[in-house]
Each structure stands twice: as structure tokens, then as C-alpha cells.
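>>> Fold the following and give me the result.
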Amino acid sequence: MSEENENITRIYLDDKEYILIGTAHVSKYSAELVREVIEAEKPDSVCIELDEQRYQSIMEGNKWKETDIFKVIKEKKASLLLMNLAISSFQKRMAKQFGINAGQEMIQGIESAKEVGANLVLADRNIQVTFSRIWGGIGLKGKSMLLMQVFAGIFSKETISEEELEKLKTKDTINAILNEFTEAFPKLKVPLIDERDQYLSQKIKEAPGHKVVAVLGAAHVPGIKEEIHKEHDLKRLTQLPAKSKAPKIIGWAIPILILAIVAYTFFANPQAGVQQTLSWVLWTGSFAALGTALALGHPLTIITAFFAGPIGALHPLIAAGWIAGIVQAYIRRPSVKDFESLSEDVLSIKGFWNNKVTRILLIVVMANLGTTLGVVIGGADVVRLFIENF
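Sure thing, here's the model as predicted:
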């Protein structure tokens, strides 16, 4: 190109040339830059920051219509789907502000690669692997902070000018943001940024041909410039973290302890045992029902959550939220229209609560959170009654 751009980085390694384009995912300028670079350079390969799952999502935009909401609940993916929708809503809201599709620069990379006859390389790590490695490494406190931060950002009404958005792609600003990010969530930066820098750099390096263009979020460019000079084990970077046995042990230990305390109390003092049982049922059932009600569940769903709460709290393989979600799905089954309007509905709090799909997901999550709170309070009350009577 006759005039080099500050968002373009050229790297010469061995006998290959790598051209990294740092983009913002909701920037019209980024999409235009991608087109100009690929047309001018005519590379052998174009790498894009997508995995197979996100690529298919872009190429099959109406795939939502085929979603089986019952399967999502049964496979325990309601929370993951809700989180993905919540995160994507932020990008979609920003993209709508600038009159562009979220991820337009990736779409442009795909189209331009076809036009110049370049190999298309999906260079990013599977999103579910990244999510699993994040979720498994930040602990309970980190998970709570992350969820609050994500939802606070999603429903913020703050806007940003396109000039400010372009400034976010400069290297100094990116480094400053990442430094703040590391301080707030030190364990989160490794799987979200560092490991993906390594994965992306290896995939870019392995792309066929002598000239390779890579379309990347600007945050990854500084890391890839460093990592592309090293060799990385892709198998190691895609390993799922070993599941801790602690949650399973705790999940069974608490119900067994509660049942043992209540059984002993019934044997020694039946009246106190009845009090304990009523306390457990009321606390766990009421909070499960309250969570469902806050998610605007159908009255029958709320009643179901009340009765499912005490049972789900005592059986780790059953959750009140799953049962309540399935009942809501039967009563208010989402239509094709609900799936089609998801992209618009997730842009607002009202939309999240009004769409039948997100309503079901919210019911699953809120009922489970309510049950958890009920277990804490109800369990403490069971122990209190035990101490008072013995």
C-alpha cells in the first residue's frame, strides 16, 4: 500500500510476510481498512479472529430459529447461553450506534478473501474452550465480579463517538486498558488475552503461503507481535481445565448433613424436626419462587419453583431452575418470531425480560440463585433449631 496505516503491522519471519490489521469490532472504518488491505496485498491466506462456531453463526444468521430450548436447559447450558447473549448485546448496541453490523470487519475479511482467491483460516480458539478456562480459573468471587461487570456494561446508556472508538485501537491506549483489566481481574487476562495471543500467533504462522493477512481485534496485536516469534503447543492451549472435586463434594455434603441433622432431630424431638422441615421448605421454596417471579415467570412456573426448590436443594443432580425453565417453556413456548427478534431484544433490559427465549433463560438462572440463597438461610435455621433443642 502506498500509505501505511498505524493500525497495520508488518512482520517478516523466515520467508513469509505477515500483515496484522488491528480492528475494533464495531468500527465502520475497520471494515473498510480490511477490504483495502486485502485488495491491495492479494495475500495467499487471510486469517480472521473467529473459531468454527462463531464463523457458522455469522454465515448462518437464522440458525437461532432451530434452537431447541428444552435441549439447552437439559444440557445445563442456559447460563452459558444467557451470558453469551448478554455479552453480544453490548457489541450489537455499539454497532447499532454507528450503523454497522457487529463483527463487520470479520465478515469483510471473509468476503475479501474469496474475492482475491486467498485461503481463509479460522485462527481463533474455540469460544467454549476459552470460556471454560476463564470460568474454571477465577473462583467464586471472580465469577460474581465478572457477572456484575458484564451486566453493568451491557445496560449502561453511555455512548462513545467513532473518533473515540478509533483511538481505542492505538497501542498506548490498548496497553493502558489491559493494565487496568489485569489489575481488576488478574486471572481473567491469561485465558482471554494471553493464551489466545499464543493460539492466534501459531495459527497465523501456520497459514499457507508466503503472504498472510490477519484480521484481529486491536487488543491482540501487541501480544501477537511478541508471540509469533515463538512456537506454541495448540493441543495444550485447547485442553479443558480439570474439574475440581470440591464443588461435587460440597454439593453432596450439605444435603447429607442437613438430612442427617433433621433425621436425628425427628428421632430425638419430633416437634423440633417438624419445625426444621418447615423452615427448610419455606426458605428454599420461597427464594426459588421469588427468583422465578423476579424473572416474570408464569404463575404455574412460580408455584413449580416453590415445590422444586426444597427438592433441588437436597439433590445436586436436580435444580429448581431447570424444572421451572422447562415448565415455563411448555406454557410459554418460544416461537420463531422470538428467536428472530433476539438480536434486537437483547439490546435492552425490557427486551431481555419480554422475549420468551431470554425469559426462560432468566428463570433458570434466577430460580437457581434463589434456591442457593434459600439453602444458606434455611440451612443456618436448621442448625439453629438443632442447637436450641439439644
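>>> Just the helices from the stretch 251-390 of the chain, written as ranges.
270-294, 299-314, 320-331, 336-340, 342-345, 349-354, 356-389 (DSSP state H, counting those that start in this stretch).
>>> Quick one: low-confidence residue ranges for the stretch 201-350 of the chain.
Residue ranges of the stretch 201-350 of the chain with pLDDT under 70: 244, 247, 336, 340, 342-344, 346-348.
>>> 50 - rerun?
Along the stretch 201-350 of the chain, segments meeting pLDDT under 50 are nowhere present.
>>> can you pull the contacts of Ile254?
By Cβ atoms under 8 Å, 6 or more residues apart in numbering, the contact list for Ile254 reads Val375, Gly379. Backbone N, C-alpha and C define where each C-beta goes, glycine included.
>>> what do you get for Val116?
Contacts of Val116 (Cβ under 8 Å, 6+ apart): Ile38, Glu39, Lys42, Pro43.
>>> what's the pLDDT at the second one?
Per-residue confidence (pLDDT) for Glu39: 96.
>>> so Leu300 touches Ile331, yeah?
Yes: using Cβ atoms under 8 Å, Leu300 is in contact with Ile331, at 6.1 Å.
>>> Helix or strand for Leu120, just tell me which one.
For Leu120, the host element (DSSP states H and E) is strand 119-122.
>>> Check which element follows that strand along the chain.
Moving toward the C-terminus from strand 119-122, the next element (DSSP H and E) is helix 127-135.
>>> next one: that next one to chain centre, how far?
What separates the centre of helix 127-135 from the centre of its chain is 8 Å, taken as Cα atoms, centre = their mean, to the nearest Å.
>>> How about stretch 107-123?
Distance, centroid of stretch 107-123 to centroid of chain: 27 Å (Cα atoms, centre = their mean).
>>> List the buried residues of it.
Ile107, Gln108, Gly109, Ile110, Ser112, Ala113, Ala118, Leu120, Val121, Leu122, Ala123 (16 or more other Cβ atoms under 10 Å).
>>> gap between the two ends of that stretch?
14 Å (Cα to Cα, to the nearest Å).
>>> most surrounded residue in the contacts of Val116?
The member of the contacts of Val116 that has the most neighbours, counting by other Cβ atoms under 10 Å, is Pro43 with 25 neighbours.
>>> For that residue, list the residues it contacts.
Counted by Cβ under 8 Å, 6+ apart, Pro43 has contacts Ile19, Val116, Ala118, Gly209, Lys211, Val212, Val213.
>>> quick one, phi psi at it?
Pro43 adopts backbone torsions of phi -70, psi 160, taken as degrees, to the nearest 10.
>>> shift numbering so it begins at 374
Taking 374 as the first residue, the last one we looked at is Pro416.
>>> So for it, what's the pLDDT?
Listed pLDDT for Pro416 reads 97.
>>> For Phe660, see how far away it is.
For Pro416, the distance to Phe660 equals 57 Å [Cβ to Cβ, to the nearest Å].
>>> now His671
Using Cβ to Cβ, His671 is found at 18 Å from Phe660.
>>> Give me the more crowded residue out of the two.
Each of His671 and Phe660 has its neighbours counted (other Cβ under 10 Å); Phe660 has more, 27 against 17.
>>> mind listing what the more buried one touches?
Applying Cβ under 8 Å, 6+ apart, the residues near Phe660 are Gly682, Gly743, Thr744, Leu746, Gly747, Ile750.
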